[in-house]
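Colleague: heads up, no residue letters with this:
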Ligand code: NAI
Ligand code: MG
């Protein structure tokens, strides 16, 4: 593998946790047998690194390798749930700026049993923002919060990426999926940027769906989709649905790409339930490796592997996750599946479409870097003051908050968990210890930082436990804040 270093591409690999080592060995064997021109730097990440006391799950020397090679083939890792650990996957994606997560999903009927035939779609998932910002706080005894952050430049680059990807890959239809009927500012921005930039691609058909019906349609009518573009969390959920409806979550690979670095991995996780038993399907990681070979300029070898793999599926040589008596011929383990693929190298599928790749099939961003627009004119017209309070009636809280009023900055609303409970309000509305007082100025006036500081000290003098503030601003005259529920 390591002669003629100049011709080889050095990549970083990690064997990961659970089924990771098994599917990585299978994939590396197939890559070697296919003559992929690669050299490897191996790093340790995941469970063992967390357990050695690195709460990030990765050591500094591993970052150095990733920044040096700029290409990462990664097996799944086990993320400790809850607790003090951050997801290493998210850390790697964000730290290395891998803003686009590209997940092609195809069905292989009649050779892999599936409820739907003719699926050939790709999910382009925004990979850095949204609820994955990882900014969470317990604000009161009873209430925790996770911040959902969507930025305009972050959205512009993923939307641009999706349309350019569609163009390069001859795809005709981009569907944007959000929940902007509820999250009007965050998902609303994502949808708005989609419409704005989409207007520059009149040759590509476009539509938008709300995520609940979008997910339902993906499960019932996946053929209607071509490219799906979604913010981070919906994209994560939709890609497991898409992979699963093609037959198994074990089939799909993905590319996480940024301007400099790219990481290739299976869509699925470390599957601890079947780890170490030679049961796992290595196809997800193998398909990720195929995407990687195209990315690093070895498209012929990528095609050789993909065609051998397709032929193996046609031959009915299937791992347990896709084994089905009606179509499968032989139930095999991870190792035997890899051997079968190796035996088929150089041959083409007989029924499924033969694959060929060239440099235009790349997942690399091909568009110019986007310019930041000039900032809008911002004016502060009020402030939301959140308080941790255990009283019973909003009227009592209103009396205290109103005593904190400044000359022009007056209490206009109180909400509890976002629902308006003052003025007015119903006794039926459930109340926790998480309250918000909204202070606003009459039209034409504005609020200074000093006003806010004065207001807060008056709130504190009332003995109220304020937990945070959010400024209410307008941008070029447009309100940059939502109404209270029921307001
Ligand atoms: P999972 O994807 O690991 O497993 C879900 C189900 O699919 C299990 O029944 C599993 O046996 C099956 N499955 C998954 N991959 C398979 C394969 N290649 N062949 C055959 N069957 C397969 O999801 P789960 O159980 O929710 O997560 C397990 C761990 O993986 C968690 O610690 C999670 O945080 C982590 N994870 C890591 C990811 C990554 O490293 N990129 C992505 C998703 C989850
Ligand atoms: Mg996932």
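Modeller: Yep, it's here. Fair warning: this is a prediction, and the values are worked out from it, not measured in the lab. Ligands and ions are numbered 1, 2, ... in the order given.
Colleague: Could you report the neighbour count for the nearest residue to residue 185 once chain neighbours are set aside?
Modeller: Counting by C-beta to C-beta, 6 or more residues apart in numbering, residue 482 is the residue found nearest to residue 185 once chain neighbours are left out, at 6.1 Å. (Each C-beta comes from the backbone N, C-alpha and C, glycine too.) The local packing of residue 482 (other C-beta atoms under 10 Å) involves 14 other residues.
Colleague: which residue sits closest to the residue in the stretch 301-450 of the chain that ligand 1 sits nearest to, ignoring its sequence neighbours?
Modeller: Nearest residue of the stretch 301-450 of the chain to ligand 1 (C-beta to the nearest ligand atom) works out as residue 321 at 3.7 Å. Of all residues beyond its chain neighbours, the one nearest residue 321 is residue 248 (4.2 Å), with distances taken as C-beta to C-beta, 6+ apart.
Colleague: tell me the contacts of the residue in the chain that ligand 1 sits nearest to?
Modeller: With C-beta to the nearest ligand atom, the shortest gap between the chain and ligand 1 falls at residue 269, namely 2.4 Å. Residue 269 makes contact with 18, 76, 78 under the criterion C-beta atoms under 8 Å, 6 or more residues apart in numbering.
Colleague: Output the set of residues of this protein in proximity to ligand 1.
Modeller: Taking C-beta under 6 Å from any ligand atom as the test, the list of the chain residues beside ligand 1 reads 19, 76-79, 89, 249-250, 265, 268-274, 280-281, 284, 321.
Colleague: about what we covered before: please identify the helix or strand for the residue of the chain closest to ligand 1.
Modeller: If you go by DSSP states H and E, residue 269 is not part of any helix or strand.
Colleague: Which of the contacts of residue 269 fall within helices?
Modeller: Secondary structure assignment by DSSP state H places none of the contacts of residue 269 in helices.
Colleague: does the residue nearest to residue 185 count as helix, strand or coil?
Modeller: coil (DSSP: H, G, I helix; E, B strand; the rest coil).
Colleague: okay, it: pLDDT?
Modeller: What the model reports as pLDDT for residue 482 is 90.
Colleague: Among the residues of the chain next to ligand 1, name the buried ones.
Modeller: Buried subset of the residues of the chain next to ligand 1 (neighbour count, 16 or more other C-beta atoms under 10 Å): 19, 76-79, 89, 249-250, 265, 268-271, 274, 280-281, 284, 321.
Colleague: Return the residues in contact with the closest residue to residue 414 other than its chain neighbours.
Modeller: Spatially, and ignoring its direct neighbours in sequence, residue 414 is nearest to residue 422 (3.9 Å; C-beta to C-beta, 6+ apart). Under the criterion of C-beta under 8 Å, 6+ apart, the contact partners of residue 422 comprise 394-395, 397-398, 413-414.
Colleague: Just the buried ones among these, please.
Modeller: The neighbour-count criterion (16+ other C-beta under 10 Å) marks 394, 397-398, 413-414 among the contacts of residue 422 as buried.
Colleague: Max pairwise distance over the residues you listed: which two?
Modeller: For the buried ones among the contacts of residue 422, the maximum inter-member distance is 11.6 Å, found between 397 and 413 (C-beta to C-beta).
Colleague: So what does residue 98 look like in phi/psi?
Modeller: Here the main-chain torsion angles of residue 98 (degrees, to the nearest 10) amount to phi -90, psi 80.
Colleague: now the helices for the chain?
Modeller: According to DSSP H, the chain carries its helices in the segments 20-33, 47-51, 60-69, 88-95, 152-168, 186-198, 211-220, 232-245, 283-295, 299-314, 334-343, 394-404, 449-461.
Colleague: What helices and strands are in contact with the last one?
Modeller: In this case it means helix 449-461. Counting contacts by 3 or more C-beta pairs under 8 Å, 6 or more residues apart in numbering; DSSP states H and E, helix 449-461 is packed against strand 378-388, helix 394-404, strand 465-475.
Colleague: my guess is residue 66 contacts residue 13, does it?
Modeller: No: if you go by C-beta atoms under 8 Å, residue 66 and residue 13 don't touch, sitting 10.7 Å apart.
Colleague: shared neighbours of those two, which are they?
Modeller: Counting by C-beta under 8 Å, 6+ apart, the residues touching both residue 66 and residue 13 are 43, 72.
Colleague: residues contacting residue 153?
Modeller: In this structure, residue 153 makes contact with 370, 372, judged by C-beta under 8 Å, 6+ apart.
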